[in-house]
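Novice: mind folding the following:
(one chain, ligands or ions: 1)
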Amino acid sequence: MSDRFVEVTAPSNIAIIKYWGKRCVDLNLPLNSSLSATLCQDHLKSTTKISTSPRLTDDELLLNGCKQSIPQNSRIQKCLSQIRSAARMQGIRQGNSSLDDIKVASQKMKISSTNNFPTAAGLASSASGYAALVFGMGKLLSVKGDLTPIARQGSGSACRSLHGGFVKWQMGKEEDGSDSTGYQIAPETHWEELRIFVIVVNDMRKKVGSTAGMQLTVETSTLLKHRVEHVVEGRMKTACDAIKNKDFPTLADVIMRESNQLHAVCLDTNPPLRYLNDVSFMIMDMVHSYNTAVGSLQAAYTFDAGPNACLFTTKSRANEIAWLIRNLFPTDSSDSDFFRGMSVTMSAPKTSVMQMIDLNAYSSNMIKYVICTKVGDGPRLVSCNDTRLLSCNDTRGDAAD
Ligand code: DP6
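Specialist: Sure, this is the predicted structure:
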């Protein structure tokens, strides 16, 4: 039996309809369905290398070069053991042809994962990290079928990072969580004019992580109950239709309302959770002021559990938005260091629009840098040392509708 090795990358995602609150902590089942856009891996990704060998005596994990323990019953341990048992079950069903996979599933693994963007700063690093782990393990052990329920148990939002394009995480009804899965509603090629600016305000780790924060919200917020019972379903339909019809103003409206409501339920938590900072609010003001000046919603902000913003816009408006960010938020950085990712040319809005925008600049260096990106594809197998693994079926599951 030979040693095996895979290297994979997985994308981050930004929630359009937010997941905040679990109905079952143990299985990581959400209180509501959610929807996200997968961000292009050329600009934001986790890279994970997994090797297995009969000589390894323990599972080993390195995150951004630092050795981590893998405690019993931890989420990572759950993901590892579930993929191993899926490989064994599949091997047993397939008989002799899979004996190697069954043996490899019993071997220890060495896993090394790195991100090319700030960790735990509300940029969904756990989503891309768990998606890369689960996708990579699935490839290494030739596991076929939908792995989104396993990724979900690593981190809820990770099940959405197993697909490219626009992805829905259906909350499901089953008690065992088997129907709580992620699937693509539209591929990354569907709406190529969309542009996303990830505005990095602060790359410090957040004080209260999403997992603990949302649990506290479930226990203390009455607004969350209202949101889950009366708001999310309607917005989900509006957002999915707007994506299907490439209706940017309607999508922009839902995106901003969802972000605002997420942070409203955070403030309705006791004690309150505060993920946004003053710069986040300055960015919101800039977007509203631009939309008012142009007379329709042509840009939208959204924030997950951190102060960094994701701005959605379209290709035809991206140059003006870039100009606005650069001029309202002066910086000591060069243009090329400030704007990363896809190349962007800045162009000032026309005079009639400029006259309506408050162009007073904030003080310098409030924004660290901006990653210019777009909607991207799902996880990629970068390399492996066994050509059989290249041909194994996809582990991302089929679209549910
Ligand atoms: C605000 O997926 O990080 O980004 O399931 O506990 O790991 P766990 O939570 P996580 O929460 C993400 C919350 C969010 C909104 C979203 O991505 O939908």
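Novice: show me what contacts residue 335?
Specialist: 326, 346 (Cβ atoms under 8 Å, 6 or more residues apart in numbering). C-betas here are computed from N, CA, C, even on glycine.
Novice: for the ligand, see how far away residue 265 is.
Specialist: Separation of residue 265 from the ligand (Cβ to the nearest ligand atom, to the nearest Å): 10 Å.
Novice: please renumber the chain so that the first residue is 3 from this point on.
Specialist: OK, 3 is where the count begins now, so the last one is residue 267.
Novice: where does that residue fall, phi/psi-wise?
Specialist: phi -70, psi -30 (degrees, to the nearest 10).
Novice: wait, it touches residue 219, no?
Specialist: Yes. Residue 267 lies in contact with residue 219 (Cβ atoms under 8 Å); the separation is 5.6 Å.
Novice: anything in contact with each of the two?
Specialist: In contact with both residue 267 and residue 219: 22, 226, using Cβ under 8 Å, 6+ apart.
Novice: low-confidence stretches in the stretch 3-152 of the chain?
Specialist: 3-4, 98-100, 120-126 (pLDDT under 70).
Novice: which stretches in it count as strands?
Specialist: 6-13, 15-19, 24-26, 31-32, 36-40, 47-54, 62-65, 68-70, 111-117 (DSSP state E, counting those that start in this stretch).
Novice: partner strands of the fourth one and their direction?
Specialist: In the sheet containing strand 31-32, the strands it pairs with under DSSP bridges are strand 24-26 (antiparallel).
Novice: chain center to the strand it pairs with, what's the gap?
Specialist: 20 Å (Cα atoms, centre = their mean, to the nearest Å).
Novice: that older thread, dump the strands of the stretch 3-152 of the chain to a markdown table, plus mean neighbour count and distance to residue 234.
Specialist: What follows is those, written out as a markdown table (neighbours: other Cβ atoms under 10 Å; distance: least, Cβ to Cβ, whole Å):
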| stretch | mean neighbour count | distance to residue 234 |
| --- | --- | --- |
| strand 6-13 | 24 | 24 |
| strand 15-19 | 27 | 6 |
| strand 24-26 | 16 | 13 |
| strand 31-32 | 23 | 10 |
| strand 36-40 | 28 | 8 |
| strand 47-54 | 24 | 28 |
| strand 62-65 | 17 | 32 |
| strand 68-70 | 10 | 34 |
| strand 111-117 | 20 | 29 |
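Novice: would you format the ones you listed as a markdown table with distance to the ligand included?
Specialist: As requested, the strands of the stretch 3-152 of the chain are exported to a markdown table (distance: least, Cβ to the nearest ligand atom, whole Å):
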| stretch | distance to the ligand |
| --- | --- |
| strand 6-13 | 13 |
| strand 15-19 | 3 |
| strand 24-26 | 7 |
| strand 31-32 | 8 |
| strand 36-40 | 5 |
| strand 47-54 | 13 |
| strand 62-65 | 15 |
| strand 68-70 | 16 |
| strand 111-117 | 14 |
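Novice: who are the contact partners of the closest residue to residue 87 other than its chain neighbours?
Specialist: The shortest distance from residue 87 to any non-neighbouring residue, by Cβ to Cβ, 6 or more residues apart in numbering, is to residue 107 (7.9 Å). Shown in contact with residue 107 (Cβ under 8 Å, 6+ apart): 86-87, 89-90, 93, 143.
Novice: that concludes my questions; thank you for your assistance.
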